[in-house]
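# A predicted structure for the sequence below; I have some questions about it.
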Number of protein chains: 2
Amino acid sequence: MKKWGDAVPPLDEFGRIRAWTEGRHNAEFLARTGVALGIGDDAAVLSERPGQEWLVSVDTMVEQVHFLNETMGESDIGYKALASNVSDIAAMGGVPRFALVSVSVPPSWDAERMKRLYDGLYECAERYHVAVIGGDTTSAPRDLVVSVTVIGTVEAGRAIRRSGAKPGQLVFLTGPTGLSAAGLHGLMRGRGQLDKVPPRLAQAHRRPTPSVKAGRLLLENGWASSLNDVSDGLASEAWEIAEASSVKLLLKEDWLPLSGELSAYARDHGLSPIDLVLFGGEDYVLLGTVDKRYESELKERFRQEGLPLFFIGEVEEGAPGVEMENAKGGLPKPIAKRGYNHFAEGTM
Amino acid sequence: MKKWGDAVPPLDEFGRIRAWTEGRHNAEFLARTGVALGIGDDAAVLSERPGQEWLVSVDTMVEQVHFLNETMGESDIGYKALASNVSDIAAMGGVPRFALVSVSVPPSWDAERMKRLYDGLYECAERYHVAVIGGDTTSAPRDLVVSVTVIGTVEAGRAIRRSGAKPGQLVFLTGPTGLSAAGLHGLMRGRGQLDKVPPRLAQAHRRPTPSVKAGRLLLENGWASSLNDVSDGLASEAWEIAEASSVKLLLKEDWLPLSGELSAYARDHGLSPIDLVLFGGEDYVLLGTVDKRYESELKERFRQEGLPLFFIGEVEEGAPGVEMENAKGGLPKPIAKRGYNHFAEGTM
């Protein structure tokens, strides 16, 4: 008689999860972050105090779509999967607190590779004081999928949305963009040989730095009227703010931050630096708008904290959209509403 | 000069998400459930009152691993992806409240198929009063992956864990098991022709019914000392309670619920009904333990509410494990600690 569940060894989900997660957070850390019950039951249990709201966000990375062996090490994938979610919480002005991780694992990812992925994930968790409290692991036929849910907290009623930009305000950016895309270009071209890519560009692609501290400063001081993180590219995120706020964003080409490494790399490889800056994704800096009366205060405070800040344009009345003008004059030109596509043909 | 982001139309994540989600929940529902900000920004914002804790859980379904075209319709996949998560909240005695959905979509899944998936997902959301508040959509090279995170609430300090079973208590089940596995067997055998499978078995596999009401009754009355939902099979879940509680679970073969459809189907297809009951997964009934003094009260209350309830064994002292005995006598036999594997060779 045929038997159900015979013959094939069980996936042993708990065994896998334990191997990848056990002992990573100590009890004191979990208690302090508000974890009443972490990994191991049907659901995690969180405690929280009144006066706060919860922020939740999910982001998924798929092999072949978001990364290849040549572009990301295993630990980079884990690090970045969490970092991209932390960035979403930063983009609301919140504090990232908890993460859940779901992995779908194909045969090509053995236990050792997965452990390195989790090493990177926990490295990011530690850096941003995030407690990993649960997850799910399944098998996958062919490609690895990592889906991370992050939960954060924010002062009740204070989360910074995309929809508050007003005509007359300034557009700011908390760091340069385009570096991650240039890094990806280099990693693809060099087939993963790290010595062929300027380190800062490779690092920007593999280990992005979410702007949590900048987001908190903006919220605590009530400076930002709108805020987004640059995951799909500056142009795309600016369009989101423009549409959500029903305003036009006028970017100044000469104000856009352009790093020396990026200029040099673009020149050496026949790429347009401004296209990288506008349409390269995954830099995870913050794009937002602020009233002009806060300009000097904001600038000064970011300087004191050692955080970069660039004013890159102005908010205007008009049909929702994004335009760019340069110092040479002429009419502002419309900026296409298009996102970032990692390995699309024709983009490299 | 090569251009970044040119040539390929953008994925337009927002367009997709809008098409699948817009207008599904009305404003009154979102306000009542505590959604301060739903889909469309970097993160959703939730409000909540003190005295409660939050429960979070994530579960992922992968094409080829958890479902095939023959076994699940598109809307069933959406329904079940959410239902399996709702079940995790039920298994803590909590109230499911919010869901985030991440889909990785291969070329074989066009917009029409995805819409049907979301139809099923929202049908489940409505049934369990869950607000879908966010998500992520990416492309996938080959196989669809659906990952759902559910957030629930529970009275502070009251969540029912796996670790509270004590010697002398009774083991209960809130419904029969094995039906979903038998349904899957029939669907595979009939290559998706629904008329070849007893409807109740196909339904059990495609549209499981999480035991939220039962979980709440158990928590509100303080009846359950431990609780699990049967996702990986009765044997596997019983092992989890046994190990977490450091007890032995002794199941009585003659007490296990065995539906007429399941018996008939097993007989007709040369399957062992008891193996289906023990090792078939995804029935999403609750398995738990309760003190004997609550036995009649519990039974009576479930009867009043029209909810099924079966006592299936006892908790004993001893090395953590699961055994089963039958009325014919003889020594109890150990039950293997093995999980459910959908399409593993040799299981059908």
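That came through fine. Residues are numbered from 1 along each chain as shown, chains lettered A, B, ... in the order given.
# A:Lys341 falls within a helix, correct?
Wrong residue type there; residue A:341 is Asn, not Lys. No: counting by DSSP: H, G, I helix; E, B strand; the rest coil, A:Asn341 falls outside a helix, being coil.
# that one - how many residues pack around it?
Residues within reach of A:Asn341, counting by other C-beta atoms under 10 Å in any protein chain shown, total 23. Heads up, the C-betas are built off the backbone N, CA and C, glycines and all.
# for it, give me the pLDDT.
Looking at A:Asn341, its pLDDT is 71.
# and it, how close does it get to B:Leu249?
Going from A:Asn341 to B:Leu249 by C-beta to C-beta, to the nearest Å gives 52 Å.
# dihedrals phi and psi, the closest residue to chain B within the stretch 151-300 of chain A?
For the stretch 151-300 of chain A and chain B, the shortest gap (C-beta to the nearest C-beta) falls at A:Phe279, measuring 3.6 Å. Main-chain torsions, A:Phe279, degrees, to the nearest 10: phi -120, psi 0.
# so the nearest residue to A:Pro176 once chain neighbours are set aside, which state does it fall into?
Once flanking residues are discounted, A:Pro176 sits nearest to A:Pro257: 4.1 Å by C-beta to C-beta, 6 or more residues apart in numbering or on different chains. Under the three-state scheme (three-state DSSP), A:Pro257 adopts coil.
# number of nearby residues for A:Pro257?
Around A:Pro257 there are 16 residues (other C-beta under 10 Å).
# contacts (any at all) between chain B and the helix or strand containing A:Lys213?
Following DSSP states H and E, one finds A:Lys213 within helix A:212-220. No: judged by C-beta under 8 Å from any C-beta of the partner chain, helix A:212-220 and chain B are separated, with a smallest distance of 9.8 Å.
# next secondary structure element downstream of the helix or strand bottoming out on mean pLDDT in chain A?
Scoring the helices and strands of chain A by mean pLDDT, DSSP states H and E places helix A:13-21 at the bottom, with a mean of 69. Moving toward the C-terminus from helix A:13-21, the next helix or strand (DSSP H and E) is helix A:27-33.
# how far away is the most centrally placed residue in chain A from B:Met92?
With distances taken as C-alpha atoms, centre = their mean, A:Ser84 lies nearest the centre of chain A, 2.9 Å away. Between A:Ser84 and B:Met92 the computed distance is 29 Å (C-beta to C-beta).
# over to A:Leu121?
Distance from A:Leu121 to B:Met92, by C-beta to C-beta: 25 Å.
# ditto for A:Gly93
31 Å.
# surely the residue of the stretch 151-300 of chain A closest to chain B and A:Ala235 touch.
Yes: counting by C-beta atoms under 8 Å, A:Phe279 touches A:Ala235, with 5.6 Å between them.
# between the two, what contacts are shared?
Counting by C-beta atoms under 8 Å, 6 or more residues apart in numbering or on different chains, the shared contacts of A:Phe279 and A:Ala235 are A:Arg338.
# got the contact list for the nearest residue to A:Ser84 once chain neighbours are set aside?
Among residues not flanking A:Ser84 along the chain, A:Asp59 sits closest, at 4.8 Å (C-beta to C-beta, 6+ apart). Counting by C-beta under 8 Å, 6+ apart, A:Asp59 touches A:81, A:84-85, A:88, A:147-148, A:150, B:102, B:136.
# hmm, try it at 6 Å
A:Asp59 makes contact with A:84-85, A:148, B:136 under the criterion C-beta atoms under 6 Å, 6 or more residues apart in numbering or on different chains.
# check A:Ser263 too.
A:Pro273.
# got phi/psi on it?
phi -60, psi -50.
# distance of it relative to A:Pro257?
11 Å.
# what do you get for A:Asp232?
A:Asp232 is 18 Å from A:Pro257, by C-beta to C-beta.
# that older thread, what pairs with the next helix or strand after the helix holding A:Lys213, parallel or antiparallel?
Counting by DSSP H and E, the next helix or strand C-terminal to helix A:212-220 is strand A:224-229. In the sheet, strand A:224-229 lines up against strand A:286-290 (antiparallel) (DSSP bridges).
# can you show me the strands along the stretch 201-348 of chain A?
A:224-229, A:248-252, A:286-290, A:310-316, A:321-325, A:333-334 (DSSP state E, counting those that start in this stretch).
# for the last one, packing partners?
What it means is strand A:333-334. The helices and strands touching strand A:333-334, judged by 3 or more C-beta pairs under 6 Å, 6 or more residues apart in numbering or on different chains; DSSP states H and E, number zero.
# need the CA coordinates for stretch A:207-221. PDB is fine.
Below are the C-alpha coordinates for stretch A:207-221, written out as PDB (Å, rounded to 0.1, in the frame of the first residue of the first chain):
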ATOM      1  CA  ARG A 207      25.800  47.000   0.400                       C
ATOM      2  CA  PRO A 208      23.500  50.000   0.200                       C
ATOM      3  CA  THR A 209      23.200  52.300   3.200                       C
ATOM      4  CA  PRO A 210      19.600  53.200   4.100                       C
ATOM      5  CA  SER A 211      19.100  56.700   5.400                       C
ATOM      6  CA  VAL A 212      17.500  55.900   8.700                       C
ATOM      7  CA  LYS A 213      19.200  58.700  10.700                       C
ATOM      8  CA  ALA A 214      18.400  61.300   8.000                       C
ATOM      9  CA  GLY A 215      14.700  60.100   8.000                       C
ATOM     10  CA  ARG A 216      14.500  60.500  11.800                       C
ATOM     11  CA  LEU A 217      16.100  63.900  11.800                       C
ATOM     12  CA  LEU A 218      13.600  65.000   9.100                       C
ATOM     13  CA  LEU A 219      10.600  63.700  11.100                       C
ATOM     14  CA  GLU A 220      11.700  64.900  14.500                       C
ATOM     15  CA  ASN A 221      12.100  68.400  13.300                       C
END
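# can you list the buried residues in that stretch?
Within stretch A:207-221, the residues scored as buried using 16 or more other C-beta atoms under 10 Å in any protein chain shown are A:207-215, A:217-219.
# a markdown table for those, including distance to A:Pro334 and pLDDT?
Formatted as a markdown table, the buried residues of stretch A:207-221 follow (distance: C-beta to C-beta, whole Å; pLDDT from 0 to 100):
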| residue | distance to A:Pro334 | pLDDT |
| --- | --- | --- |
| A:Arg207 | 34 | 97 |
| A:Pro208 | 28 | 97 |
| A:Thr209 | 31 | 97 |
| A:Pro210 | 30 | 97 |
| A:Ser211 | 28 | 97 |
| A:Val212 | 33 | 97 |
| A:Lys213 | 34 | 98 |
| A:Ala214 | 29 | 98 |
| A:Gly215 | 29 | 98 |
| A:Leu217 | 32 | 98 |
| A:Leu218 | 28 | 98 |
| A:Leu219 | 32 | 97 |
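# so which of those residues is the closest to A:Ala159?
Nearest to A:Ala159 among the buried residues of stretch A:207-221: A:Leu219, at 8.0 Å, using C-beta to C-beta.
# good, we can wrap up now.
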